[in-house]
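A.B. asks: the sequence and its predicted three-dimensional model are supplied below.
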There are 2 protein chains.
Amino acid sequence: MTTVWHCQGVNPTAAPAGAVRQGSLRELNLALVLGRIAAADRPPSRAALAAETGLTRATVSAVVEDLVAGRLVTEAEPTPRAGAGRPARGLVLAGDGPAGLGLEVNVDYLAACVVDLAGTVRHHAVHRADLRPVSPTDALGRLASIAATARAAADAEGLTLAGAALGVPGLVDDAGRVRLAPNLGWRDVPVPQLLAGHPPLTETVDGVPALVVDNEANLAALGELHAGAGPGSFLHISGEVGIGAGIVLDGALYRGARGWSGEIGHIPVRPDGPPCRCGGRGCLEQYAGQEAILSAAGLAGADLPADTAPTRLAELAGDGEATVRRALREAGTALGVTVASVVNLLDLDTVVLGGGYAALTPWLRPQMLAEIERRVLTAAWAPVTVRPATLGATAAAVGAAGSVVRRIIARPAGWLSRL
Amino acid sequence: MTTVWHCQGVNPTAAPAGAVRQGSLRELNLALVLGRIAAADRPPSRAALAAETGLTRATVSAVVEDLVAGRLVTEAEPTPRAGAGRPARGLVLAGDGPAGLGLEVNVDYLAACVVDLAGTVRHHAVHRADLRPVSPTDALGRLASIAATARAAADAEGLTLAGAALGVPGLVDDAGRVRLAPNLGWRDVPVPQLLAGHPPLTETVDGVPALVVDNEANLAALGELHAGAGPGSFLHISGEVGIGAGIVLDGALYRGARGWSGEIGHIPVRPDGPPCRCGGRGCLEQYAGQEAILSAAGLAGADLPADTAPTRLAELAGDGEATVRRALREAGTALGVTVASVVNLLDLDTVVLGGGYAALTPWLRPQMLAEIERRVLTAAWAPVTVRPATLGATAAAVGAAGSVVRRIIARPAGWLSRL
DNA sequence: TCATTTAATTCAACCACTGAACAAATAGCG
DNA sequence: CGCTATTTGTTCAGTGGTTGAATTAAATGA
């Protein structure tokens, strides 16, 4: 059977809302202990885990035994030295266990990467090509061959791929179908079906779908969640050709009632502003989208590739080009007005500028902060940080791969029972 | 000791993120079974609960025995008739067990109510009075005497108050201090300390604080969550003198990183619009706040009490008053632009109009839906419902009381161990 | 009246956690 | 070098709570 699950599958609720049966106890404690090992900055000992979780040392030992047997955890080799007493044996996530395959289709590149349990990127490949003139079938065919290469690389490193996730710059529905990817020119593309001929991406590993399709901004936010400053709540704004956002609330990606949250690019900044492709008027994209910035910067005709435009803008702004700087200030103001709305609504303490915006942070941030300061009711007591994303250009692919391994960390029992 | 917890205490995470110890199993299953009994529309039998939870009938019987012993559940008297076989004994939430005390301080009234486990309002009192000229100390003193009456009423009905929650139209911090309640004229009011002389509101019942202070819009949203259409995601907009909102995501109130979410009244509609008290420009309150509507309707000098203004507006609009209708259309448009932002961001499927807006729904909704239709990217596939709140004017008080009993339903073990 | 059917309880078995005792491994100190 | 203090990790009897099957309870219908 070749079931491909909907995008909601990326972020399963760790705690079961359903029945708590006998064995759930062990399942929950496996997740708890593994989660602590993953979150620790130094390899923790069994005793330390017991102390911080509240479990008994005996229980932790039993749980860890299961995790080691399942190749999810290994004992750190250079035993971390402590003061007195029997030396602790540090536990780390296994580097040779399951891994995640992350894929990305974007306007001007395809990307694939392999991330191991610890979050280390073990393989990474980017193929630049303008995909707008390419049919979805052909684009996904090329993607499948890149994925096959990545799979081979994983095998070579002794990793077992536990699943894959694909990021797309558009709206994805529950069945993995791309309903609309305006900047790619896709509409109603049944990604799972088109990939059906490429076995490595459509197998089902014991109930867990081999491939999850998701919005690129969501995956980039997930990547930032795990690569950046730990759990918490933040808004991750991806400035690509369009503007998308991933919303992380209390350490979990919020997808919305139907999986279509984060369409920040079409939040109205000026309700009577210029008309937008979406049918509205004065959307944020009209003020801070890549085309809008380039046009305001006098580079509309320069025909820069979408992925180099932000760095070019950053260069020019760094050189003191007044027009470019003004264009970025205006974009920053529009972003600031929009972010102020979001912060008033959600009380977030952090805004992450990702995608093309990351490089432009120094020129966007001042106006953003000024608008936030002016328009957010609680700004005086509740400061908001605006910072660039820590992941690079292909954050979505890394986030996609990360989402696969994070699912294993959140629910290790599934992986263990697979053995 | 007179600890009063912060507002976050209203909505504890049902599933423990921490250690899952031996006894947690029973705790979780108590919550699971009680939750199903509470959510069922007909009194379920033990067998039915076993079937839908996945637990064994034996386990459900044991769990139910605990719940009955703890006065949380009773067997429904008129045994619901089934076809053949031994008749099932229906289980219902006890009407004589714990109850919640809900309190509200608003601009022009004080309210108190008592809600039992089943969510039935068993006592309700509203005292109208303009509280703007009254000092916080005096206002809370009056509130305490109303609360004492409510407590006596609860005793008379055989109910045991398990806690209290107080709704305030302003920003409340973690310590229960009202940082800012602009329409009430309060700033930095330490509610817990001012209530310290009123024992019934400051006792601590085995670690659970006797009183939780929270934003009124949050509590109204909670009330709607439990009185209205079950769990899900929605935005509840409270149109009082100011405009607040409660955000319910996946059946849980979202409070924000610091507890100050939902300040929808200060989302900018037109960034260069008229200046607002908050220091920003063109905030929603400038277009759809009560003063703005009254002034646009030509009733600025009419000096209507704040709580009767909405019904008066509804009457006039119903009579065909063109000016009033136009004012409401304009407010609806502004609300629609703002809600479109929210829906683009969060992908909510329902918007509930509460407070004064409830009565005005017929005149606000068309413009709201039009703006949503035009500006929400996914509106074509993902319809948004705009409906009036089901709770009446004192939704916050009922929601406050409900939040107390919902906490017991979410974590019955705490209540049972108290016995 | 009796077979049928569904509900609820009882009870031995079992699973996973608990707590204490114990073994292992090291540093510090005389 | 040997002893003690100290901390880590394991072993093991004990226990709480769920499991599954058997049993009892209480109705309907032929």
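C.D. replies: Happy to help now that I have it. Since we're looking at a predicted model, the values are computed, not measured.
A.B. asks: all helices of the stretch 51-200 of chain A, in order?
C.D. replies: For the stretch 51-200 of chain A, the helices defined by DSSP state H, counting those that start in this stretch cover A:57-69, A:136-156, A:191-194.
A.B. asks: among the ones you listed, which is nearest DNA strand C?
C.D. replies: DNA strand C lies closest to helix A:57-69 among these, at 3.3 Å (Cβ to the nearest atom of the strand). Using the backbone N, CA and C atoms, a C-beta is placed for each residue, glycine as well.
A.B. asks: quick one: check that closest one for contact with chain B.
C.D. replies: No. Judged by Cβ under 8 Å from any Cβ of the partner chain, helix A:57-69 and chain B are separated, with a smallest distance of 8.7 Å.
A.B. asks: and that helix, what does it pack onto?
C.D. replies: Packing partners of helix A:57-69 (3 or more Cβ pairs under 8 Å, 6 or more residues apart in numbering or on different chains; DSSP states H and E): helix A:24-39, helix A:46-53, strand A:73-75, helix A:412-418.
A.B. asks: need these in a markdown table with mean pLDDT, can you?
C.D. replies: What follows is those, written out as a markdown table (pLDDT from 0 to 100):
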| stretch | mean pLDDT |
| --- | --- |
| helix A:24-39 | 93 |
| helix A:46-53 | 94 |
| strand A:73-75 | 95 |
| helix A:412-418 | 89 |
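A.B. asks: as CSV, these with mean neighbour count and distance to DNA strand D would be great.
C.D. replies: Below are those laid out as CSV (neighbours: other Cβ atoms under 10 Å in any protein chain shown; distance: least, Cβ to the nearest atom of the strand, whole Å):
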stretch, mean neighbour count, distance to DNA strand D
helix A:24-39, 20, 8
helix A:46-53, 18, 3
strand A:73-75, 19, 8
helix A:412-418, 19, 15
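A.B. asks: so which bits of chain A are right by DNA strand D?
C.D. replies: Residues of chain A found near DNA strand D, taking Cβ under 7 Å from any atom of the strand as the criterion, are A:19-22, A:45-48, A:57-58, A:61-62, A:64-65, A:82-89.
A.B. asks: can you rerun that using 6 Å?
C.D. replies: Proximity of chain A to DNA strand D is confined to A:21-22, A:45-48, A:57-58, A:61, A:84-86, A:88-89 under the rule Cβ under 6 Å from any atom of the strand.
A.B. asks: for the residue of the stretch 151-300 of chain A at minimum distance from chain B, phi and psi?
C.D. replies: The nearest approach of the stretch 151-300 of chain A to chain B comes at A:G256, 2.6 Å away (Cβ to the nearest Cβ). When quoted as degrees, to the nearest 10, the phi and psi of A:G256 stand at phi 90, psi 170.
A.B. asks: quick check: it touching B:L235?
C.D. replies: No. The criterion here is Cβ atoms under 8 Å, and A:G256 misses it with B:L235 at 11.9 Å.
A.B. asks: mind listing the shared neighbours of the two?
C.D. replies: B:346, B:348 (Cβ atoms under 8 Å, 6 or more residues apart in numbering or on different chains).
A.B. asks: more crowded one of these two?
C.D. replies: Neighbour count, other Cβ atoms under 10 Å in any protein chain shown: between A:G256 and B:L235, B:L235 has more, with 26 against 23.
A.B. asks: does the strand or helix carrying the more buried one come close to chain A?
C.D. replies: Using DSSP states H and E, B:L235 sits within strand B:234-239. No. Using Cβ under 8 Å from any Cβ, strand B:234-239 never reaches chain A; the gap is at least 8.5 Å.
A.B. asks: tell me how far that strand is from the chain's mean position?
C.D. replies: In terms of Cα atoms, centre = their mean, to the nearest Å, the centre of strand B:234-239 is found 10 Å from the chain centre.
A.B. asks: fine by me, we can end here.
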